[in-house]
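Trainee: Just the structure for this:
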Amino acid sequence: CDVTVSPNVTLTIQPGTIVKFNSTSRRLSINGTLLAEGTETSKIHFTSYKDDSVGGDSNGDSTASFPTSGNWSSIRIYEGASATFDHTEIRYGGYSSSMGMIDAQAGSTLSVTNSTLEHSKYNGIYSRADTPVITNNTISDCGSYGIIISDTSNTIPVTPEIRNNEINNTEVPIYITASTDGLSGERTITNNTGSGNDYNGIQIIGKFVGSTTLSADNGLYWYFYSYGLDVADGATLILDPGSLVKFRYRIDSDNNFDIYGNLIAVGTVQEPVTFTTIYDGEGHTPSAGYWSSIRIYEGASATFDHT
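Mentor: Model (predicted):
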């Protein structure tokens, strides 16, 4: 059966602890508080019952079985609950495509730092929290996404802090869907890198609200999924000099990046802001018409300089 941390209860997992899950349906459910704080020399492990590399041969079958992605489900943090992961190693989970190995529900609080997540069948981290903190992690070999950020209908824009992560061998390293309350934040997504991904970018769909500045210091480009992406009325989106924005392949004439508020794309001679197609690079051959347009609506404004 699953293990549940009840409301108003705190589960503290000591450095060096090894936690193994023995079924694709098994999860650790957090309704209270989870503190999984290891150290650099004594990490906490969450892994498969078949993983003999830590904690020995737990299922007692010698080499008859071996761990694979999706051997267990998730660590799920429910509304009103909180979870802190620091210096942890989490692997071989992520059985469901609608979850991550770490799965934070709307209204929860999540912090993941200095940790390694690998070999998820689908997603590494799936967060619906408003202000998740995800920094200094290595995430690799996930069947879908390294990190998914999803906003929910609570009138609060999602403002994730995602910094200094290395994300390798996924479909897309970071995917942000913000169609309900939108995405906001001043350079809160910085210094993330990755390789071996199908698309080596930070994919965004939905809308920018409030004041948002996208940094140019990521080793990943900004992947604007332009059908259904806009700068909302009254909002301002600033693209730092050197920003690289790629649009998905145009599939119809209505596939625009729509500006209802303010867009500021001001580069420099040395660091222009670049807008291009997702097929510009990574072994593809771009062609004219591979994306549609940046459309500025009545009452909106857009500034382009050194682009």
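Trainee: what pairs with the one helix or strand Phe208 maps to, and is each one parallel or antiparallel?
Mentor: Using DSSP states H and E, Phe208 maps to strand 201-214. Its sheet considered, strand 201-214 pairs with strand 172-186 (parallel), strand 221-231 (parallel), strand 236-239 (parallel) by DSSP bridges.
Trainee: What are the buried residues along it?
Mentor: 201-210, 212-214 (16 or more other CB atoms under 10 Å). The way it works is simple: take the backbone N, C-alpha and C, and place the C-beta from them, glycine included.
Trainee: mind checking the SS state of Phe46?
Mentor: strand (DSSP: H, G, I helix; E, B strand; the rest coil).
Trainee: Check the gap between the closest residue to it other than its chain neighbours and Thr138 for me.
Mentor: Sequence neighbours aside, Ile90 is the residue nearest to Phe46 in space, at 4.5 Å (criterion: CB to CB, 6 or more residues apart in numbering). From Ile90 across to Thr138, the span is 11 Å (CB to CB, to the nearest Å).
Trainee: before we move on, what about Gly182?
Mentor: Using CB to CB, Gly182 is found at 29 Å from Thr138.
Trainee: And Glu186, by the same measure?
Mentor: Distance of Glu186 to Thr138, given as CB to CB: 26 Å.
Trainee: For the protein, just list every one of the helices.
Mentor: Using DSSP state H, the chain contains no helices.
Trainee: in it, what secondary structure element scores lowest on mean pLDDT?
Mentor: Using mean pLDDT, DSSP states H and E, strand 221-231 stands out as the lowest-scoring helix or strand of the chain, at a mean of 86.
Trainee: Can you give the contact residues for it?
Mentor: 172, 179, 199-208, 214, 237, 239, 243-248, 251-252, 254-263, 278, 291-292, 300 (CB atoms under 8 Å, 6 or more residues apart in numbering).
Trainee: Output the buried residues of strand 201-214 in a markdown table; the columns should cover pLDDT.
Mentor: Shown next, in a markdown table, are the buried residues of strand 201-214 (pLDDT from 0 to 100):
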| residue | pLDDT |
| --- | --- |
| Gly201 | 97 |
| Ile202 | 98 |
| Gln203 | 96 |
| Ile204 | 96 |
| Ile205 | 94 |
| Gly206 | 94 |
| Lys207 | 96 |
| Phe208 | 97 |
| Val209 | 97 |
| Gly210 | 97 |
| Thr212 | 98 |
| Thr213 | 98 |
| Leu214 | 98 |
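Trainee: Closest to Ala36 out of those residues?
Mentor: Comparing the buried residues of strand 201-214 against Ala36 with CB to CB places Ile202 closest, at 26.5 Å.
Trainee: Distance from the chain centre to stretch 242-250, please.
Mentor: Here stretch 242-250 shows a centroid-to-chain-centroid distance of 18 Å under the convention CA atoms, centre = their mean, to the nearest Å.
Trainee: Can you list the neighbours in contact with that stretch?
Mentor: Contacting residues not belonging to stretch 242-250 are listed as 201, 214-217, 221-227, 239, 255, 257, 265, 267, 271-280, 289-292 [CB under 8 Å, 6+ apart].
Trainee: Could you do stretch 89-99 as well?
Mentor: 21, 24-25, 43-48, 50-51, 54, 67-76, 100-102, 115-124, 126, 142-144.
Trainee: And the buried ones among the residues you listed, selectable in ChimeraX?
Mentor: Buried subset of the contacts of stretch 89-99, written as a ChimeraX selection, criterion 16+ other CB under 10 Å:
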select :21,43,44,45,46,47,48,50,51,67,69,70,71,72,73,74,75,76,100,101,102,115,116,117,118,119,120,121,122,123,124,126,142,143,144
